[in-house]
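Asks: Only the shape, not the letters, is given here:
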């Protein structure tokens, strides 16, 4: 039995079982589906459900040599943007959910995250280092518009003069230009916009609930005018699908004020292999096999390579070509070779308890 069309406004048409469960489901045709109206055609897509996060901390630490930060905060787990390629999808299995539609419709959040952050920053042993806000799933995804959790976290960081880096594909971040501009005056912030394509039709298929490419560029320009350092991430780079747009995306971002640029090769860990392959065959059946063949050539014959030093860039002739194109384009457009360092010298820990500081 073939899967149905993707639900309206969602990226995945599959909802595979959690890999940690003791049981798995097998699809079968019982004869009742014939003549039924597909959910996508009826216009009634699955609704988003909010689920409380019970963890007692918000700062996550890592020692990965592939990322330019050692600690991060994810206001939300799961993401309504529904990006077909999102490397964070398999992480939803740790929460007891599917990396497919559950990832887009079951959003886990912690209402008291700002208060917990304040306590962690006030801990005697805390040492200030830049925090990446919303690095796995977008902190400015649609649900943020009514919950405001990322802004409340940003308010704590601004109050304590704590450096923060942000990656988003949402224009909603314009809402927080006041906080970002204030932090930028002390060199405490950088905002990177993820722009995968300039083609609105491709973007709607790849990232069904993210802001349009043009809207992201407009938000980038607005923050740049406000004095906030902005950059662009061409991520992910997908062979034979969007790789031809690398130069055009960087040119458009540079015109909008971006001062730095980077790229990440498509990553397909765990369940994401099957999910992305299904998405390819659903939307681009004419080139699906070719795309997957090129991914394997970049990943040593596999669809994924999780090794440090390889997972972001790949290996082989095509990987070298992408690196050269990126380097030459950055040189031609005048992008900075390294990210602007964030200031850790002005951090002031919040007060511990009601007693005021002596100095």
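Replies: It's in. Since this is a predicted model, take the numbers as computed values, not measurements.

Asks: Contacts only, for residue 334.
Replies: Residues in contact with residue 334 (Cβ atoms under 8 Å, 6 or more residues apart in numbering) are residue 254. In short, each C-beta sits where N, CA and C put it, glycine included.

Asks: Would you mind measuring from it to residue 47?
Replies: 46 Å (Cβ to Cβ, to the nearest Å).

Asks: swap in residue 280?
Replies: Applying Cβ to Cβ, the value for residue 280 to residue 47 is 27 Å.

Asks: Could you do residue 230 as well?
Replies: Applying Cβ to Cβ, one obtains 33 Å for the distance of residue 230 from residue 47.

Asks: Pick out whichever of the two has more residues nearby.
Replies: Neighbours around residue 230 and residue 47, counted as other Cβ atoms under 10 Å, are more numerous at residue 230. The numbers are 26 against 6.

Asks: Just to check, the more buried one is in contact with residue 195?
Replies: No: using Cβ atoms under 8 Å, residue 230 and residue 195 do not qualify as a contacting pair, with a distance of 11.2 Å.

Asks: residues near residue 130, how many?
Replies: By other Cβ under 10 Å, the burial measure for residue 130, its neighbour count, is 22.

Asks: and what of residue 161?
Replies: Close neighbours of residue 161, defined as other Cβ under 10 Å, add up to 18.

Asks: Contacts only, for the nearest residue to it once chain neighbours are set aside.
Replies: Leaving aside its chain neighbours, residue 161 sits nearest to residue 346 (4.4 Å; criterion: Cβ to Cβ, 6 or more residues apart in numbering). Listed by Cβ under 8 Å, 6+ apart, the contact partners of residue 346 are 161, 186, 188.

Asks: Check residue 247 too.
Replies: If you count contacts by Cβ under 8 Å, 6+ apart, then residue 247 has 325, 329 around it.

Asks: do that again at 10 Å, thanks
Replies: The neighbourhood of residue 247, defined by Cβ atoms under 10 Å, 6 or more residues apart in numbering, consists of 234, 325, 326, 328, 329, 332, 333.

Asks: ok, now how distant is it from residue 110?
Replies: Look at residue 247 and residue 110: by Cβ to Cβ, they are 40 Å apart.

Asks: and if you look at residue 134?
Replies: 13 Å.

Asks: again, but for residue 58
Replies: Applying Cβ to Cβ, the value for residue 58 to residue 110 is 7 Å.

Asks: Equivalent analysis for residue 241, please.
Replies: Computed with Cβ to Cβ, the distance linking residue 241 and residue 110 is 35 Å.

Asks: swap in residue 306?
Replies: Using Cβ to Cβ, we find residue 306 at a distance of 28 Å from residue 110.

Asks: Of those two, give the one with the bigger neighbour count.
Replies: Counted by other Cβ under 10 Å, residue 306 and residue 110 do not tie: residue 110 has more neighbours, with 23 against 11.

Asks: Not counting its neighbours along the chain, what's nearest the more buried one?
Replies: Here the residue nearest residue 110, using Cβ to Cβ, 6+ apart, is residue 53, at 4.0 Å.

Asks: where do the strands sit along the chain?
Replies: Under the criterion DSSP state E, the chain contains strands at 49-52, 60-61, 71-73, 76-77, 106-109, 131-133, 164-168, 189-194, 230-237, 260-265.

Asks: Of the ones you listed, give the one that comes closest to residue 140.
Replies: In this view, the strands of the chain are compared for proximity to residue 140 by Cβ to Cβ, and strand 164-168 is the closest at 4.8 Å.

Asks: got any ranges where the protein has weak pLDDT?
Replies: Scanning the chain for pLDDT under 70 picks out 1-9, 11-45, 353-359.

Asks: and the longest helix for it?
Replies: Across the chain, the helix with the greatest residue count (assigned by DSSP state H) is helix 317-333.
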